[in-house]
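**Student:** 3D model of this:
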Amino acid sequence: MTDAVEEKLYKIGEVCRMADVQPYVLRYWETEFPQLAPNKSGGGQRLYTRREIDTILRIKELLYREGFTIAGAKKKLETELAPAAEPTDKSKVIADVKRELREILAMLK
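**Tutor:** Residues are numbered from 1 along each chain as shown. Next comes the predicted model:
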């Protein structure tokens, strides 16, 4: 048994049924959203990971339910999927907050 767990991959037809969209829609979204970059099999079949399917479902929600434009959905998705910032030294954060508060208080005077 190997240490690495193989992730199940889904063909475009399966993903279309899960997301209730047509294949041409997924292919178009791949051109617009860099987060969607499915691997391809030797025969050229698109193979999607569960993470990509979750991204597709989120894109659909942004576009169809929340009324975002493609550009707006791109920005929203980028902020949602951005990696979390590395933890910083608490004393530095506290010092930065104190400095900002002093600046705000000075502006209010």
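**Student:** mind listing the strands for the chain?
**Tutor:** In the chain, the segments counted as strands under DSSP state E are 10-11, 39-40, 46-48.
**Student:** tell me which of these is the most buried.
**Tutor:** For the strands of the chain, the largest average neighbour count (mean count of other CB atoms under 10 Å) is found in strand 46-48, namely a mean of 20. C-beta here means a position set from N, CA and C on the backbone, and glycine is covered the same way.
**Student:** who does that one pair up with?
**Tutor:** Each strand that pairs with strand 46-48, with its direction, by DSSP bridges: strand 10-11 (antiparallel), strand 39-40 (antiparallel).
**Student:** mean confidence for it?
**Tutor:** Taken as a whole, strand 46-48 has a mean pLDDT of 95.
**Student:** so what touches it?
**Tutor:** Residues from elsewhere that reach strand 46-48 (CB atoms under 8 Å, 6 or more residues apart in numbering): Leu9, Tyr10, Lys11, Ile12, Val15, Leu26, Pro38, Asn39, Lys40, Ser41, Ile56.
**Student:** change it to 10 Å
**Tutor:** The set of residues external to strand 46-48 that reach it, using CB atoms under 10 Å, 6 or more residues apart in numbering, is 8-15, 18-19, 23, 26-27, 30, 36-41, 52, 54-56.
**Student:** below-threshold pLDDT in the chain: ranges please.
**Tutor:** Low-confidence regions of the chain, defined here as pLDDT under 70, cover residues 1-6, 83-89.
**Student:** what is the burial count for Arg102?
**Tutor:** The local packing count at Arg102 equals 10, with neighbours defined by other CB atoms under 10 Å.
**Student:** circling back to that earlier point, so among the contacts of strand 46-48, which ones count as buried?
**Tutor:** Leu9, Tyr10, Val15, Ala19, Leu26, Glu30, Leu36, Pro38, Glu52, Thr55, Ile56 (16 or more other CB atoms under 10 Å).
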